[in-house]
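Undergrad: take this sequence and fold it.
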Amino acid sequence: MANRDDDFASCLRAYRAKADLSQAELAKLAGVTEYSIQNWENGDYMPSLRTTIRLADALGVTIEQLAGRA
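TA: From the prediction side, this is the model:
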């Protein structure tokens, strides 16, 4: 069974690339640091639900898509 942390990391990286945003640009849109984006894309940490909502909004996707469940 796939690790959900890995799913999130992969989806975050893929949707950011699809939106043609750098990590710094996404960080600014979501109100977080670039270092946080790096950690989430590497699968080192997971954002809070509130932050996940901001990331999804910034990327124009649903939370389910960002979590790899849609």
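
Undergrad: tell me, what residue is most central in this structure?
TA: In the chain, the centroid-proximal residue (Cα atoms, centre = their mean) is Leu12; its distance is 3.4 Å.

Undergrad: output the contacting helices and strands for the helix or strand containing that residue.
TA: Counting by DSSP states H and E, the element that carries Leu12 is helix 4-18. Applying 3 or more Cβ pairs under 8 Å, 6 or more residues apart in numbering; DSSP states H and E, one finds that helix 4-18 contacts helix 34-41, helix 49-59, helix 63-66. For the C-beta atoms, the positions are set from N, CA and C on the backbone; glycine is no exception.

Undergrad: for the longest one, which outside residues touch it?
TA: So that's helix 49-59. Residues from elsewhere that reach helix 49-59 (Cβ atoms under 8 Å, 6 or more residues apart in numbering): 12, 15-16, 19, 21, 26, 29-32, 36, 47, 62-63, 65-67.

Undergrad: sorry, back to before: how near is the residue nearest to the centre of the chain to Tyr45?
TA: Applying Cβ to Cβ, to the nearest Å, the value for Leu12 to Tyr45 is 12 Å.
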